[in-house]
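**Student:** Fold the following, please.
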Amino acid sequence: MQGLRIDTTPLNPIYLEMGAAVQDCQRIELYISFIVTLLIELSGGTLSDQEFKGSMESLGSQTLGRLMEEIKKKVGFTDDAVLALRKSQRSRNFLIHRFYNERSDLLLTQAGRDTALAEIRKRRAAINEANAMLDAVMHDLVRLKGIDLEQFKSELEQRFES
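**Tutor:** Residues are numbered from 1 along each chain as shown. Presented below is the predicted three-dimensional model:
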């Protein structure tokens with residue numbers, strides 16, 4: 001007997017938006033790890049490739065909450081910035097850990113899927129508000145380091161491809 005086949009095509013917009021949200025969440029984690037590593041390097045001299053990679057790996061294995069505590073210790077964020085980081089963490093945790101369990105009933109109808117999609121987009125916006133803030137910090141640190149942004153991108157790609 002063949003298994004039951006369900007057409008999941010109507011869920012594709014949900015899956016696409018959730019996939020993008022996961023990528024946005026990972027970008028926050030990467031940005032924080034990179035910013036903290038740059039701050040370590042700026043305060044103590046140039047890190048070797050191995051030390052740089054080790055710092056990124058160590059930070060990359062921490063939870064987002066721990067990473068946020070780490071960056072708050074090193075960067076003088078405003079209250080609004082801290083609030084944006086917390087909001088992004090709550091949005092991330094909901095999407096990653098609870099969305100499908102708590103919103104599965106919405107996925108059964110087109111109206112429900114539209115509601116779910118709107119919620120994902122709203123939470124992604126909170127995540128990307130934090131990403132934009134972190135992106136600005138990262139660009140400032142890169143400039144402080146005296147690195148041309150195009151050269152920086154090339155070096156970064158080389159470090160992660162090796």
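**Student:** which sections of this protein are below the confidence cut-off?
**Tutor:** 1, 152, 156, 160-162 (pLDDT under 70).
**Student:** One more pass at 80, please.
**Tutor:** 1-4, 6, 44-46, 145-162 (pLDDT under 80).
**Student:** chain center to the lengthiest helix in it, what's the gap?
**Tutor:** Longest helix in the chain by number of residues (criterion: DSSP state H): helix 110-144. Chain-centre distance of helix 110-144: 8 Å, with Cα atoms, centre = their mean, to the nearest Å.
**Student:** For it, which helices and strands make contact with it?
**Tutor:** Helices and strands touching helix 110-144, by 3 or more Cβ pairs under 8 Å, 6 or more residues apart in numbering; DSSP states H and E, are helix 12-44, helix 79-93, helix 99-103, helix 149-161. C-beta coordinates here come from the backbone N, C-alpha and C atoms, glycine included.
**Student:** Now do it against helix 12-44, angle only.
**Tutor:** Calculated by axes from the mean of the first three to the mean of the last three Cα atoms, to 10 degrees, helix 110-144 forms an angle of 20 degrees with helix 12-44.
**Student:** and helix 110-144, which residues are buried?
**Tutor:** Residues of helix 110-144 classed as buried by neighbour count (16 or more other Cβ atoms under 10 Å): 113, 116-117, 119-120, 123-124, 126-131, 133-134, 137-138, 141-142.
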